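Visitor: Mind folding the following:
(chains A, B, C and D)
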4 protein chains.
Amino acid sequence: MPSVAAPHVKGKQMTETTAHHEHSYIHNDTKGDYLKRLRRIEGQARGLQRMVEEEQYCIDILTQVSAMTKALQSVALGLLDEHLSHCVVDAAREGGDEADIKVKEASDAIARLVRS
Amino acid sequence: MPSVAAPHVKGKQMTETTAHHEHSYIHNDTKGDYLKRLRRIEGQARGLQRMVEEEQYCIDILTQVSAMTKALQSVALGLLDEHLSHCVVDAAREGGDEADIKVKEASDAIARLVRS
Amino acid sequence: MPSVAAPHVKGKQMTETTAHHEHSYIHNDTKGDYLKRLRRIEGQARGLQRMVEEEQYCIDILTQVSAMTKALQSVALGLLDEHLSHCVVDAAREGGDEADIKVKEASDAIARLVRS
Amino acid sequence: MPSVAAPHVKGKQMTETTAHHEHSYIHNDTKGDYLKRLRRIEGQARGLQRMVEEEQYCIDILTQVSAMTKALQSVALGLLDEHLSHCVVDAAREGGDEADIKVKEASDAIARLVRS
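Guide: Numbers count the residues shown, from 1 in each chain, chains lettered A, B, ... in the order given. Below is the predicted model:
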C-alpha cells in the first residue's frame, strides 16, 4: 500500500511500513474526553481502596465496582466505535486484504469485551 | 436481637465496638490482598491514560480495558463470596427478617454485576 | 447432622419425602412463572431460526439475540435469588459446614453468570 | 445508490430499493451452521423447562443457563463478525454516508451485546 494513500497514518515519527498497524484512531477532539473519563475511573479505583481500607459495607463497595465497570465498558464501546468508523472503514476503502485483518481484530476485541 | 451481637447493623447510630464488623465482611487476611489488587487496577487505569495520550493502537487499548474489566470483576466476585459467607450466613443464623433483607441486597448486587 | 433433617441431600438415594425439597428451591407459586418464561425463551430461539432462514437483517437478528440473552439472565437472577433465600439460608440455620459448601456453590454459579 | 452497484444484495425476490436495508449477510455456507446452533439452543430451552418441571437442583439449572447464554453469545459474535466483514466493509467500499450508518448500527448492536 503506498504511503501517500494511507489516510490513517497519524504519528509523526513512525516508519511507513509499520504506521498502519500501530496507531490509535482516536480523534483529537475526543482524546481529551477519553483522558478525562479514564482519570475519573482511576479516581474510582482509589475510592475503592479507601472503602476497603475503611472496611465499608461490602454491598456499597460492590455498587461502586459495578459503576466503575460500566464506566470502563462505556470507554471501550466508544473506542470500538471510533475504530470501526476510521480504521475498519479506511481499510475497506483502500481495498486489499487489510479490511479482513481489521475486521478479524475488531471481532476478537468485541468477543473479549462481551466475555469480560 | 441484642445490639452487641448484631453484626449486620449498619448506619450512624452504631456503637463503635460493632462498627467495623457491621460494615465490610472482608477478612483481615484478605483485606491486604484486595488493596493490592485495587492498586494494580488503579495502575491499569493510569496505563490506559498513557496509551490514549501516546495514541497507541485502539485494539491494544481495548485489550487492556478487557483485562482491567476482568480484574475488577474478579475483585467483585471475591467480595460477594465473602459477603455471602459472612454477612448472609450470619444473618440467617441469627434468625428474624434480617436474612431476607441481606439476601435481597446481595441479589440486587449480583444483578448489577451480571448486567454491568 | 441427621439425614432426616438434611434438606440439601441430592441424588438418587434420597427418600421421597425429602426429595422435592433437596432439589430445586423454586417455590410452587413461582415454578409456573419460570416455565412460562422459559417457554417464551424457547419461542425466541425458534423465532431466531426463522429470521436466519428468511435471511433477515443481521442487526435485527442481533437485537433479538440480546433480548433473549436478557430474558435468560433474568431467569438466572430469579433462580439465584430463590437459591440464596432458601438453600443457603436454610443451610446456615442448620449449622455445620453445609453453609460453606452452599455458599461456595452459589459463588461459583454467580461467577459463571457474570462471565457468561 | 444505483442498484447495479449494490454488491450486498442477496435475496432473489427483493425489490431493489429496499434490498440493502433488509438482508442478512449470513453466508449460505454458514447459514446451516447457525440454524443447527439455534436448534441446539432451542433444545437447551426445552431442557431447562424439564429441569424446572422436575424440580432439579437450582445450581444445576443455573449451570445450564450459563451454557445456553454462552452458546447464544457465540452465535451473536459470529453474526456480528459476518456483518462487519460484509455489510460494513461493502458500505465503506461504496462510499457515501452508508458506511457511517452501518457503523452506527453495528456499534449500537455491540453495546446491546456487551450490556446484556
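Visitor: element containing residue A:75, please.
Guide: helix A:58-82 (DSSP states H and E).
Visitor: Is that helix in proximity to chain D?
Guide: Yes - judged by C-beta under 8 Å from any C-beta of the partner chain, helix A:58-82 comes into contact with chain D at A:73, A:76, A:77, A:80, A:81. All C-beta atoms are positioned from the backbone trio N, CA, C, and that covers glycine.
Visitor: Which strands or helices does whichever helix or strand comes after that helix pack on?
Guide: Once the chain leaves helix A:58-82, the next helix or strand it forms, by DSSP H and E, is helix A:89-94. In this structure, helix A:89-94 makes packing contacts with helix A:98-115, helix D:89-94, helix D:98-115, judged by 3 or more C-beta pairs under 8 Å, 6 or more residues apart in numbering or on different chains; DSSP states H and E.
Visitor: how about CSV for those, with mean neighbour count and mean pLDDT added?
Guide: Formatted as CSV, the helices and strands packed on helix A:89-94 follow (neighbours: other C-beta atoms under 10 Å in any protein chain shown; pLDDT from 0 to 100):
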stretch, mean neighbour count, mean pLDDT
helix A:98-115, 20, 95
helix D:89-94, 22, 92
helix D:98-115, 20, 95
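Visitor: For residue D:51, find the nearest of these.
Guide: Comparing the helices and strands packed on helix A:89-94 against residue D:51 with C-beta to C-beta, the closest turns out to be helix A:98-115 (24.7 Å).
Visitor: from memory residue A:65 sits against residue B:72, does it?
Guide: Yes - the pair residue A:65 and residue B:72 passes the contact test of C-beta atoms under 8 Å, sitting 5.9 Å apart.
Visitor: now check the host helix or strand of residue A:36, is it near chain D?
Guide: Assigning secondary structure by DSSP H and E places residue A:36 in helix A:28-53. No - Helix A:28-53 lies apart from chain D when judged by C-beta under 8 Å from any C-beta; the minimum separation is 13.8 Å.
Visitor: Can you tell me which helices and strands that helix packs against?
Guide: Secondary-structure packing of helix A:28-53 (3+ C-beta pairs under 8 Å, 6+ apart): helix A:58-82, helix B:28-53.
Visitor: residues contacting the residue lying closest to residue A:89 once chain neighbours are set aside?
Guide: Distances taken as C-beta to C-beta, 6 or more residues apart in numbering or on different chains place residue D:92 nearest to residue A:89, at 4.3 Å, with adjacent residues excluded. Going by C-beta atoms under 8 Å, 6 or more residues apart in numbering or on different chains, residue D:92 touches A:88, A:89, A:90, A:92, A:93, A:99, D:99, D:102.
Visitor: go on, residue A:38?
Guide: So, once contact is read as C-beta under 8 Å, 6+ apart, residue A:38 ends up touching A:75, B:45, B:48, B:49, B:52.
Visitor: If I look at the second one, what pLDDT would I see?
Guide: For residue B:45, the model assigns a pLDDT of 98.
Visitor: Could you check the pLDDT of the nearest residue to it once chain neighbours are set aside?
Guide: The shortest distance from residue B:45 to any non-neighbouring residue, by C-beta to C-beta, 6+ apart, is to residue A:42 (3.8 Å). Each residue has a pLDDT score; the one for residue A:42 is 98.
Visitor: Could you measure from residue A:42 over to residue B:62?
Guide: 18 Å (C-beta to C-beta, to the nearest Å).
Visitor: quick one, which of those two is more surrounded?
Guide: More crowded of residue A:42 and residue B:62, by other C-beta atoms under 10 Å in any protein chain shown: residue B:62, with 23 against 20.
Visitor: what is the mean pLDDT for stretch A:57-68?
Guide: Across stretch A:57-68, pLDDT averages out at 96.
Visitor: Name the surrounding residues that touch it.
Guide: By C-beta under 8 Å, 6+ apart, stretch A:57-68 touches A:41, A:44-45, A:47-48, A:51-52, B:10, B:22-26, B:72, B:75-76, B:79-80, B:82-83, B:87, B:105-106, B:109, B:112-113, B:116.
Visitor: list the contacts for residue A:109?
Guide: With contact taken as C-beta under 8 Å, 6+ apart, residue A:109 is in contact with A:80, A:83, B:59, B:62, B:63, B:66.
Visitor: hmm, try it at 6 Å
Guide: B:59, B:62 (C-beta atoms under 6 Å, 6 or more residues apart in numbering or on different chains).
Visitor: Next one: it from residue D:110, what distance?
Guide: Taken as C-beta to C-beta, the span from residue A:109 to residue D:110 is 10 Å.
Visitor: List just the nearest of the residues of helix A:58-82 next to chain D to residue D:36.
Guide: Within the residues of helix A:58-82 next to chain D, the smallest distance to residue D:36 is 29.3 Å, found for residue A:80 (C-beta to C-beta).
Visitor: what's the burial count for that closest one?
Guide: Other residues within reach of residue A:80, judged by other C-beta under 10 Å, total 26.
Visitor: Next one: it from residue B:60, what distance?
Guide: As defined by C-beta to C-beta, residue A:80 lies at a distance of 13 Å from residue B:60.
Visitor: Kindly report the same for residue A:56.
Guide: When distance is defined by C-beta to C-beta, residue A:56 is 35 Å away from residue B:60.
Visitor: more crowded one of those two?
Guide: residue A:56 (17 against 14).
Visitor: and residue A:106, what does it touch?
Guide: Applying C-beta under 6 Å, 6+ apart to residue A:106 gives the contacts residue A:88.
Visitor: Likewise for residue A:70?
Guide: residue B:116.
Visitor: With residue A:102 instead?
Guide: Taking C-beta under 6 Å, 6+ apart, we find residue A:102 in contact with A:87, A:88, A:91.
Visitor: What separation do you get for it and residue B:98?
Guide: Relative to residue B:98, and taking C-beta to C-beta, residue A:102 is found at 55 Å.
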